[in-house]
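Q: With the sequence up front, the predicted model follows.
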Amino acid sequence: MKANTHPDYHDITVTCSCGNSFVTRSAMVKSTLGVEVCSECHPFYTGTQKIVDTAGRIDKFRQKYATKAAA
């Protein structure tokens, strides 16, 4: 096997814009990483996800693509 072919794999600190931070491992050169969303603030993980149906878009879609009776 060739020597020195793999990058350095070390601990880095990931910091979210909400203030949450955690340590993970990466081959990045930097020792810190900034992200905009994480599992602490993302609506999917927090359970605050809402489906907004403005102007009945879902109903309009269902009416438009509903199966039509054979003539």
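A: Thanks, I have the structure now.
Q: Now do residue 4, the pLDDT please.
A: pLDDT for residue 4: 84.
Q: Give me the secondary structure label for it.
A: Here residue 4 is recorded as coil under DSSP: H, G, I helix; E, B strand; the rest coil.
Q: Quick one: neighbours of it, just the number.
A: Neighbours of residue 4 under the rule other CB atoms under 10 Å: 5. C-beta coordinates here come from the backbone N, C-alpha and C atoms, glycine included.
Q: do residue 43 as well
A: Counted with other CB under 10 Å, residue 43 comes out at 10.
Q: Run through the helices of this protein in chain order.
A: 43-46, 57-64 (DSSP state H).
Q: What mean pLDDT does the first one get?
A: For helix 43-46, the mean per-residue pLDDT is 73.
Q: What of the longest one?
A: Averaged across helix 57-64, pLDDT comes to 80.
Q: Go ahead and measure how far it is from the middle of the chain.
A: 28 Å (CA atoms, centre = their mean, to the nearest Å).
Q: Stretch 58-68 now?
A: 30 Å.
Q: what's the answer for stretch 12-19, then?
A: Remark: stretch 12-19 is offset 14 Å from the chain centroid, using CA atoms, centre = their mean.
Q: got a list of what residue 25 touches?
A: Applying CB atoms under 8 Å, 6 or more residues apart in numbering, we find residue 25 in contact with 9-12.
Q: ok, back up a step: I'd like the helices of the chain as a markdown table, with distance to residue 35 appended.
A: What follows is those, written out as a markdown table (distance: least, CB to CB, whole Å):
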| stretch | distance to residue 35 |
| --- | --- |
| helix 43-46 | 13 |
| helix 57-64 | 31 |
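Q: nearest to residue 2, of those?
A: Of all those, helix 43-46 sits nearest to residue 2, with 41.2 Å by CB to CB.
Q: Right, I'll leave it there.
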